[in-house]
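K.L.:
Can you look at this prediction? I've put the sequence above it.
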Amino acid sequence: MDASLYQPKPKMFQPQMPVPTVSHTTHQMTNYYGQSYIAYCTEEETMFPDGRLITSRTDLDGIITHVNDAFVMMSGWERDELLGAAHSILRHPDMPAIAFKGLWGDLAEGKKWHGYVKNLRKDGGFYWVYATVIPNIRHGKVVGYTSVRRKPPRSQVEACTKLYAELLEQERQAKAQG
Ligand SMILES: Cc1cc2nc3c(=O)[nH]c(=O)nc-3n(C[C@H](O)[C@H](O)[C@H](O)COP(=O)(O)O)c2cc1C
């Protein structure tokens with residue numbers, strides 16, 4: 001799509017993913033803006049392509065304003081579906097909330113954030129990335145954020161799979177206890 005034709009969609013737009021045609025689990029999700037939606041997950045992993053970077057930019061609210069071709073390819077969504085959507089369109093239910101609290105906390109302090117993220121594809125599959133997120137500063141003011149993602153070492157993917165499962169379980173228990 002021609003960037004000059006881009007018209008922001010209403011804020012807090014969370015596209016609903018289609019039901020996968022293969023075996024999947026179903027998750028009731030609520031995003032940061034309080035919108036409910038359903039996420040479907042399959043066990044199908046897509047490997048990060050060698051020698052590529054996946055990039056996106058958002059506004060101050062985490063609404064996607066730019067994606068590169070590798071982002072479109074890996075997410076499985078069309079560019080038109082991504083622009084104007086909340087970045088939580090990629091949120092995988094296996095990701096603990098604390099990871100994103102850390103991300104938004106660091107950005108609020110004007111700092112960079114690095115981390116390993118399991119992302120959800122439109123078809124319910126997933127892909128791991130090593131992400132660096134930075135504030136975009138114009139004339140001394142933060143005007144949005146950029147994320148650049150690299151291929152993660154497999155050892156870190158395995159370590160994070162374990163760590164995130166533990167953190168998620170702790171979050172579930174804390175929620176159950178009120
Ligand atoms: C520049 C930028 C890039 C982001 N990239 C991702 C991403 O790749 N995957 C993801 O799940 N969340 C990403 N987020 C965080 C989401 O905005 C969101 O906080 C997260 O998906 C959790 O959803 P929730 O905040 O609605 O609970 C990114 C945020 C920013 C500002």
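P.N.:
Yep, it's here. Numbers count the residues shown, from 1 in each chain.

K.L.:
Just give the nearest non-adjacent residue to Asn31, would you?
P.N.:
Excluding the flanking residues, the one nearest Asn31 by C-beta to C-beta, 6 or more residues apart in numbering is Ser88, at 4.6 Å. C-beta coordinates here come from the backbone N, C-alpha and C atoms, glycine included.

K.L.:
What lies in contact with the strand or helix carrying Leu107?
P.N.:
Following DSSP states H and E, one finds Leu107 within helix 97-108. Contacts to helix 97-108, defined as C-beta atoms under 8 Å, 6 or more residues apart in numbering, come from residues 62, 91, 112-113, 115, 117, 133, 135, 142, 145, 164, 167, 171.

K.L.:
Quick one: mark the members of the residues you listed that sit in helices.
P.N.:
164, 167, 171 (DSSP state H).

K.L.:
can I assume the last one is in contact with Pro96?
P.N.:
Yes. A contact is recorded between Glu171 and Pro96 when judged using C-beta atoms under 8 Å, the distance being 5.7 Å.

K.L.:
May I see the ones in helices among the contacts of helix 97-108 organised as CSV, with pLDDT and neighbour count added?
P.N.:
Below are the ones in helices among the contacts of helix 97-108 laid out as CSV (pLDDT from 0 to 100; neighbours: other C-beta atoms under 10 Å):
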residue, pLDDT, neighbour count
Tyr164, 98, 19
Leu167, 98, 16
Glu171, 95, 13
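
K.L.:
Nearest to Ser36 among those residues?
P.N.:
Glu171 (18.1 Å; C-beta to C-beta).

K.L.:
In this structure, mark out all the strands, start to finish.
P.N.:
Using DSSP state E, the strands assigned to the chain run over residues 25-30, 36-41, 54-58, 64-67, 113-120, 126-138, 141-150.
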